[in-house]
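**Student:** give me a 3D structure for the following:
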Amino acid sequence: MSILTFLVGALLGMMTGGVISVRYLRREIAADIDPKLKRVLVQLDIIQSALDLAIVTRIQELSTRPPRGPTGKLP
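**Tutor:** Reported below is the predicted structural model:
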């Protein structure tokens, strides 16, 4: 009976240790990823701003050009 009590206690101890370890690891992984994620988001915002500027500039160039005549030849 004492062996069974010891085994149940050991099992509960291992489960508790596992839960604590998992919580600690999740917190540390999240803390490690957070600064990298913020840097990536800033870089994506910069790329998006550059693309928006290029698109607006191109649209403005196209709208200020004089229209071209028909390019197809009539028979």
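**Student:** contacts and neighbour counts: CA atoms only from here.
**Tutor:** Noted.
**Student:** where's residue 41, which helix or strand?
**Tutor:** Element membership for residue 41, per DSSP states H and E: helix 2-64.
**Student:** quick check: mean pLDDT across that helix?
**Tutor:** Average pLDDT, helix 2-64: 91.
**Student:** let the chain start at 230 from now.
**Tutor:** All set: I'll call the first residue 230, so the last point we hit is now helix 231-293.
**Student:** same for it, what does it pack against?
**Tutor:** Helix 231-293 sits against no helix or strand, with contacts defined as 3 or more C-alpha pairs under 8 Å, 6 or more residues apart in numbering; DSSP states H and E.
**Student:** gap between it and the chain center?
**Tutor:** Centroid separation between helix 231-293 and its chain, computed with C-alpha atoms, centre = their mean, to the nearest Å, is 8 Å.
**Student:** ok, residue 259 - contacts?
**Tutor:** Listed by C-alpha atoms under 8 Å, 6 or more residues apart in numbering, residue 259 has no contact partners.
**Student:** do you know how far it is from residue 273?
**Tutor:** 20 Å (C-alpha to C-alpha, to the nearest Å).
**Student:** likewise residue 237?
**Tutor:** Taking C-alpha to C-alpha, one finds residue 237 at 52 Å from residue 273.
**Student:** can you point out the buried residues in stretch 281-299?
**Tutor:** When burial is assessed from 16 or more other C-alpha atoms under 10 Å, stretch 281-299 yields no buried residues.
**Student:** now that stretch - C-alpha only, CSV.
**Tutor:** Extracted in CSV, the C-alpha atoms of stretch 281-299 (Å, rounded to 0.1, in the frame of the first residue of the first chain):
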residue,chain,number,x,y,z
ASP,A,281,1.2,53.0,-51.8
LEU,A,282,3.4,55.9,-52.8
ALA,A,283,4.5,54.1,-56.0
ILE,A,284,1.0,53.3,-56.9
VAL,A,285,-0.3,56.8,-56.4
THR,A,286,2.6,58.3,-58.3
ARG,A,287,2.0,55.9,-61.2
ILE,A,288,-1.7,56.7,-61.3
GLN,A,289,-1.0,60.4,-61.3
GLU,A,290,1.5,60.0,-64.1
LEU,A,291,-1.0,58.1,-66.2
SER,A,292,-3.8,60.6,-65.5
THR,A,293,-1.6,63.6,-66.6
ARG,A,294,-0.5,62.1,-69.9
PRO,A,295,-2.4,63.2,-73.0
PRO,A,296,-4.6,60.5,-74.4
ARG,A,297,-3.2,58.5,-77.3
GLY,A,298,-5.0,58.2,-80.6
PRO,A,299,-6.3,54.9,-81.9
